[in-house]
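In: Sequence first, predicted model second:
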Amino acid sequence: MKKIFILVTTILLGLILIFVTIKKKDTVKKVEEYKQEMIIKEELEDNEINNIIDSLSLDEKIGQMIIVGFDGYEVNSDFIDLLENYKVGGVILFKRNIKNAHQLLNLNNNIKSINSKNKLGLFISVDEEGGRITRLPKGSTKFPSNQVIGKENDKDLSYDIGKKIGTELDAFGFNMDFAPVIDIYSNPKNTVIGDRSFGTNSEIVKTLGTATMKGLQDANVISVIKHFPGHGDTTVDSHMGLPFVSHDKQRLDKFELIPFKEAISKGADAVMSAHIVLPDIDKNKKPATLSKIILTDILRRELNFNGVIITDDMEMGAIAKNYEIKNASVEAVKAGADIILVCHTKEKQIEALEGLKEAVNRGDIDIERIDESLKRIIKLKRKYNLNDI
């Protein structure tokens with residue numbers, strides 16, 4: 001009986017081993033098949049995107065790299081000109097454009113209708129952070145500031161607020177939100193950030209900022225995290241002047257970059273650059289927006305960010321008081337930016353457009369560099385199904 005028991009046990013163990021081996025091989029096979037499917041899918045998407053890029057004229061390509069703003073509650077002739085003749089890739093709305101819910105919905109629908117003649121859908125963007133930075137009309141939900149949310153330190157709450165903001169934006173026709181702010185509020189004299197930050201602790205900002213980002217994304221709204229590489233320890237308001245921050249790379253790695261690293265690792269789609277100078281990092285004292293060291297070497301290569309880089313508004317004092325927008329736009333693209341944000345003046349918007357076109361024509365920017373940005377922009381628009389037809 002003992003021999004029979006040993007024999008049966010041996011057979012059973014053998015069968016179990018065979019079963020486990022087969023299951024393991026089957027699992028490995030399925031994983032490999034999935035990987036292969038994803039590679040094929042990515043190759044097909046790359047081919048489709050390349051075909052779109054090949055179909056675009058230089059003017060259309062340059063246009064996709066600009067987001068503009070305009071005045072008024074209705075589309076005006078200046079904006080229509082930028083859409084129809086310069087083929088701009090996006091628009092940003094402010095309080096100056098928003099009167100009430102009905103008007104806002106009609107405005108965004110009209111913008112999409114005008115753009116439907118163009119080959120690619122528009123980024124229709126807004127700064128909706130909650131707290132004092134809000135653009136939505138009366139009757140919309142009034143969301144707390146990030147500082148208030150930070151005191152609760154509840155990532156589920158942050159996610160829910162992000163998703164709720166995204167849901168309301170989506171209902172009004174927006175598809176991009178320049179939020180959340182993931183700067184760490186490390187300088188109490190910093191009024192431009194202040195309560196827009198989740199707080200003074202890098203771990204809290206990292207966790208809550210990423211949760212808010214995911215909430216927006218899950219509401220089908222593109223979240224643009226900001227302001228890279230960190231605007232939390234400035235005293236000068238970059239809307240008015242050019243801030244200098246005396247931190248070295250070691251300090252950034254241990255503090256300011258922590259929230260950005262987390263958000264990027266969790267699937268950040270877009271990053272907004274800051275108009276701040278870090279002379280210990282870029283010896284040429286270029287603002288981060290114009291710094292290849294910061295945008296390409298650090299953000300792209302070290303942090304492995306493959307999404308879309310968008311500048312902060314190029315009409316802010318930090319840039320406008322120190323550079324011609326035409327030249328600054330070229331320098332920003334050479335540094336690694338994909339999209340130039342010009343929020344207010346048509347003349348400045350055309351300067352940016354023409355500056356980039358002239359730079360390509362004289363060989364200062366290779367067309368391959370333009371196509372790199374186009375690939376990222378189109379990929380993002382396809383991901384969120386931006387279609388104005």
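Out: Sure, I can see it.
In: Check whether residue 124 sits in a helix, strand or coil.
Out: Each residue gets one of three states, and residue 124 gets strand by DSSP: H, G, I helix; E, B strand; the rest coil.
In: nope, residue 91 is what I was after
Out: When classified by three-state DSSP, residue 91 comes out as strand.
In: residue contacts, it?
Out: Taking Cβ atoms under 8 Å, 6 or more residues apart in numbering, we find residue 91 in contact with 67, 68, 69, 70, 79, 111, 122, 123, 124, 125. From N, CA and C alone the C-beta is placed, and that goes for glycine too.
In: Assess the claim that the fourth one and residue 79 are in contact.
Out: It stands for residue 70. Yes. Using Cβ atoms under 8 Å, residue 70 makes contact with residue 79 at a distance of 4.0 Å.
In: what about these two, which has more around it?
Out: The residue with more neighbours, out of residue 70 and residue 79, is residue 70; 25 against 21, by other Cβ atoms under 10 Å.
In: Wait, a helix at that one?
Out: No. If the criterion is three-state DSSP, then residue 70 is coil and not within a helix.
In: Domain-wise, how is this structure divided?
Out: Domain assignment for the chain, taken from automatic domain parsing, gives 1-55, 58-383.
In: pLDDT on the first one, on average?
Out: In other words, domain 1-55. The average pLDDT within domain 1-55 is 71.
In: Same check on stretch 197-210?
Out: In this model, stretch 197-210 has a mean pLDDT of 97.
In: I'd like the distance from that stretch to the chain centre, please.
Out: In terms of Cα atoms, centre = their mean, to the nearest Å, the centre of stretch 197-210 is found 18 Å from the chain centre.
In: mind saving the C-alpha coords of it as CSV?
Out: C-alpha atoms of stretch 197-210 as CSV (Å, rounded to 0.1, in the frame of the first residue of the first chain):
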residue,chain,number,x,y,z
SER,A,197,0.0,74.9,-4.4
PHE,A,198,-1.0,71.8,-2.4
GLY,A,199,1.5,72.8,0.3
THR,A,200,5.1,72.9,1.5
ASN,A,201,5.7,69.2,1.6
SER,A,202,7.0,67.5,-1.5
GLU,A,203,5.3,64.2,-0.7
ILE,A,204,1.9,65.8,-0.3
VAL,A,205,2.2,67.8,-3.5
LYS,A,206,3.4,64.8,-5.3
THR,A,207,0.6,62.6,-4.2
LEU,A,208,-2.3,65.1,-4.5
GLY,A,209,-1.1,66.7,-7.7
THR,A,210,-0.8,63.3,-9.4
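In: Could I get the buried residue list for stretch 241-256?
Out: Buried residues in stretch 241-256, counted by 16 or more other Cβ atoms under 10 Å: 241, 242, 243, 245, 247, 251, 252, 255, 256.
In: now do stretch 324-343
Out: Here stretch 324-343 shows 325-326, 328-343 as buried, counting by 16+ other Cβ under 10 Å.
In: Tell me which two of the buried residues of stretch 241-256 sit farthest apart.
Out: The distance between the two most remote of the buried residues of stretch 241-256 (Cβ to Cβ) is 23.5 Å, for 241 and 255.
In: contacting residues for the closest residue to residue 222 other than its chain neighbours?
Out: Using Cβ to Cβ, 6 or more residues apart in numbering and skipping the chain neighbours, the partner closest in space to residue 222 is residue 176 (4.3 Å). The contact partners of residue 176, by Cβ under 8 Å, 6+ apart, come to 90, 123, 124, 125, 126, 221, 222, 224, 270.
In: Could you report the separation of residue 363 from residue 83?
Out: 29 Å (Cβ to Cβ, to the nearest Å).
In: which of these two has more neighbours?
Out: Neighbour tally, residue 363 and residue 83, criterion other Cβ under 10 Å: the higher count belongs to residue 83, 22 against 8.
In: is it true that the more buried one touches residue 114?
Out: Yes. Under the criterion of Cβ under 8 Å, residue 83 makes contact with residue 114 at 5.5 Å.
In: And the helices in this protein?
Out: For the chain, the helices defined by DSSP state H occupy 2-55, 58-64, 77-84, 101-115, 146-152, 155-172, 202-218, 249-254, 258-265, 292, 317-320, 325-335, 346-361, 367-383.
In: right, and the ones you listed - which one's nearest residue 136?
Out: Of those, nearest to residue 136 by Cβ to Cβ is helix 155-172, at 6.4 Å.
In: Dump that closest one to PDB, restricted to CA.
Out: Extracted as PDB, the C-alpha positions of helix 155-172 are listed here (Å, rounded to 0.1, in the frame of the first residue of the first chain):
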ATOM      1  CA  LYS A 155      -5.600  61.600  -2.500                       C
ATOM      2  CA  ASP A 156      -9.100  60.200  -3.200                       C
ATOM      3  CA  LEU A 157     -10.600  63.600  -2.600                       C
ATOM      4  CA  SER A 158      -8.000  65.100  -4.900                       C
ATOM      5  CA  TYR A 159      -8.800  62.600  -7.600                       C
ATOM      6  CA  ASP A 160     -12.600  63.200  -7.200                       C
ATOM      7  CA  ILE A 161     -12.100  67.000  -7.500                       C
ATOM      8  CA  GLY A 162      -9.900  66.600 -10.500                       C
ATOM      9  CA  LYS A 163     -12.500  64.400 -12.200                       C
ATOM     10  CA  LYS A 164     -15.400  66.700 -11.300                       C
ATOM     11  CA  ILE A 165     -13.500  69.700 -12.700                       C
ATOM     12  CA  GLY A 166     -12.800  67.700 -15.800                       C
ATOM     13  CA  THR A 167     -16.400  66.600 -16.100                       C
ATOM     14  CA  GLU A 168     -17.600  70.200 -16.000                       C
ATOM     15  CA  LEU A 169     -15.000  71.400 -18.500                       C
ATOM     16  CA  ASP A 170     -15.800  68.600 -20.900                       C
ATOM     17  CA  ALA A 171     -19.500  69.500 -20.700                       C
ATOM     18  CA  PHE A 172     -18.600  73.100 -21.800                       C
END
